[in-house]
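Trainee: here are the coordinates; sequence isn't available:
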């Protein structure tokens, strides 16, 4: 059974990258939230780094279409894959990989740093969006439920909030206050900044999925307006991270339309300061 | 002379000073940094259900959670990370995140969710170390906390069932162990010759897995093949805890160099293959039309 399934999928994965690959995410202008926008940008950056073209399609129900319930997900041929980790694996099966040149110790470091970003930055983003009452009421709940009419919008927003709060509880973040979360973000950025040093990318000359992930999160934090600017300020205090974001934006996104770039982040304050 | 700092933690067994991962992390760090702690075990007290362990008491303040306790100790100038460079400090944070995300769920599963282990080892141990009538509640409560943590963080729909998540978390844990083994290489500790907080964290996670007499332990078997990690654990026990750590018979120092690499290569390939298979099985499951996921 296992061999047959494996063989079947190997055959499918061996197909070349089609012209009409699509990436799905929630609506850019009104609906998408900080954490989803960051994840989506990370995947888009990774695909650009691999040189694989993809169309971005915004749907209100992207979260429900996704096989794992998380956005973004890509639809390639007749396969649907969601989240950066599985997408990297999937693209590796198609023969494209950014981390082949790394030795085992470097690969261990790369995975460790990706977990650091997921563990701290992503969790902090979720916390700020859903566990901070002010942000949840002013921004997250209205945006999340904007495509729906009453009473569905209330139900869905509160359900999502409840889910996220449960998860925060399980990993021990519900006891933290906002100051501690900002402090955690600062420490995470400090670790990233120290690891990056003066190199152009985290593993010297070549970008890897870690660069895509870090860029996705930091760029979104810097260009998204929340109830206050503290989060962005924490990131801005690390100049090498700022220039890292500039560099990737210039290298991989400058050929994109001016119009679609300034619309690529909601509440955008324009491009990077 | 200031009164000593007091640490509350779970008691020890199986040659370990404590059977609880977080308590072990703090105990190991205290030894590495030279902090003198008055260790009080909460076994057989009501604190088994009221306290969140480990807990450090000093003067009037109380600190919980290993990371907070380590920060507190550093502020009291018990710093085992003094000689690390900035980059090594950043690496420490990254590897700790790796441990929490990849290894912790499988550890929780091995001890608290796996039916064999829970019924034959974990529950009897915790029941016998809790006072009456708490012994009826304590293990069950820990087990349900462990299960909900695994499901909430690792189970994405449609994998809402614990059995489907198992394959994924064990393969991630094995990969994590391989990565740690690669990183440790032939050195005694992760950053040279003196132990640091990363060593404390790794020790806290893998020591119970090595030492506990688990009836069904696929993760334990995998770990036992990584000689350098076993040696690492035994070295710490011998040098810092004065325990007559029983040497594992096949863990002789001379045999470290070549078998480490050969074993590691084999295991890395095995884990990669396993995780590929699991990805493909998941893919297959998700893309087949009759398994369209339902949102709850």
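Mentor: Cool, the structure landed. Keep in mind it's a predicted model, so treat the numbers as computed, not measured. Residues are numbered from 1 along each chain as shown, chains lettered A, B, ... in the order given.

Trainee: all the helices of the stretch 151-273 of chain A, residue numbers only.
Mentor: A:152-170, A:178-196, A:209-223, A:230-236, A:239-253, A:258-262 (DSSP state H, counting those that start in this stretch).

Trainee: how many neighbours does residue B:127 have?
Mentor: 16 (other CB atoms under 10 Å in any protein chain shown). Placement of C-beta: from N, CA and C, glycine included.

Trainee: same question for residue A:59.
Mentor: Residue A:59 has 15 nearby residues by other CB under 10 Å.

Trainee: against residue A:26, how distant is it?
Mentor: 7 Å (CB to CB, to the nearest Å).

Trainee: please enumerate the helices of the stretch 1-150 of chain A.
Mentor: A:2-13, A:34-50, A:62-65, A:84-93, A:104-116, A:123-126, A:133-135, A:141-144.

Trainee: need the contact partners of the last one.
Mentor: The set of residues external to helix A:141-144 that reach it, using CB atoms under 8 Å, 6 or more residues apart in numbering or on different chains, is A:30, A:31, A:32, A:33, A:156, A:157, A:158, A:160, A:161, A:266.

Trainee: top of those residues by number of neighbours, please.
Mentor: residue A:32 (25 neighbours).

Trainee: strands of the stretch 51-200 of chain B, residue ranges please.
Mentor: For the stretch 51-200 of chain B, strands defined by DSSP state E, counting those that start in this stretch occupy the ranges B:55-58, B:61-64.

Trainee: pLDDT wise, what is residue B:18 at?
Mentor: Residue B:18 carries a pLDDT score of 86 in this model.

Trainee: do you know which of the helices of the stretch 151-273 of chain A lies nearest residue A:16?
Mentor: helix A:209-223 (20.9 Å; CB to CB).

Trainee: helices or strands next to that closest one in the packing?
Mentor: helix A:34-50, helix A:84-93, helix A:104-116, helix A:230-236, helix A:239-253 (3 or more CB pairs under 8 Å, 6 or more residues apart in numbering or on different chains; DSSP states H and E).

Trainee: with respect to pLDDT, which of the contacts of helix A:141-144 ranks lowest?
Mentor: Scoring the contacts of helix A:141-144 by pLDDT puts residue A:266 last, at 43.

Trainee: closest to residue B:15 out of the helices and strands packed on helix A:209-223?
Mentor: Here helix A:104-116 is closest among these (CB to CB), at 28.5 Å.

Trainee: what sits up against that closest one?
Mentor: Helix A:104-116 has contacts (CB under 8 Å, 6+ apart) with A:99, A:102, A:188, A:191-192, A:195, A:202-203, A:208-210, A:213, B:91, B:93-95, B:97-98, B:100-102, B:179-180, B:182-183, B:185, B:268.

Trainee: any regions of the chain where pLDDT drops low?
Mentor: Since you didn't name a chain, this refers to chain A. Counting by pLDDT under 70, the ranges of chain A that qualify are A:1-15, A:255-273.

Trainee: can you look at chain B instead?
Mentor: Those would be B:1-3, B:155-161, B:243-263, B:275-276, B:279-296, if you go by pLDDT under 70 across chain B.

Trainee: tell me the centre residue of it?
Mentor: residue B:205 (1.8 Å; CA atoms, centre = their mean).

Trainee: that residue and residue A:208, how far apart?
Mentor: Taking CB to CB, one finds residue B:205 at 26 Å from residue A:208.

Trainee: interface residues of the stretch 101-250 of chain A facing chain B?
Mentor: Residues of the stretch 101-250 of chain A found near chain B (CB under 8 Å from any CB of the partner chain) are A:104-105, A:107-109, A:111-113, A:115-116, A:118-120, A:166-167, A:170-172, A:187-188, A:190-192, A:194-195, A:197.

Trainee: any of those residues buried? List them.
Mentor: A:104, A:107-109, A:111-113, A:115-116, A:118-120, A:167, A:170, A:187-188, A:190-192, A:194-195 (16 or more other CB atoms under 10 Å in any protein chain shown).

Trainee: tell me how many other residues crowd residue 163.
Mentor: I'll assume chain A. If we define neighbours as other CB under 10 Å, then residue A:163 has 14 of them.

Trainee: actually it's chain B I care about, not the one you picked
Mentor: Other residues close to residue B:163 by other CB under 10 Å number 7.

Trainee: also residue A:21?
Mentor: Counted with other CB under 10 Å, residue A:21 comes out at 16.

Trainee: I'd say it and residue A:55 touch.
Mentor: Yes. Here residue A:21 reaches residue A:55: they are 7.0 Å apart, a contact under CB atoms under 8 Å.

Trainee: quick check on residue A:69: phi, psi?
Mentor: phi 80, psi 0 (degrees, to the nearest 10).

Trainee: what's the answer for residue A:32, then?
Mentor: Per degrees, to the nearest 10, the backbone of residue A:32 is at phi -70, psi 140.

Trainee: wait, what's in contact with it?
Mentor: A:25, A:26, A:40, A:58, A:143, A:266.
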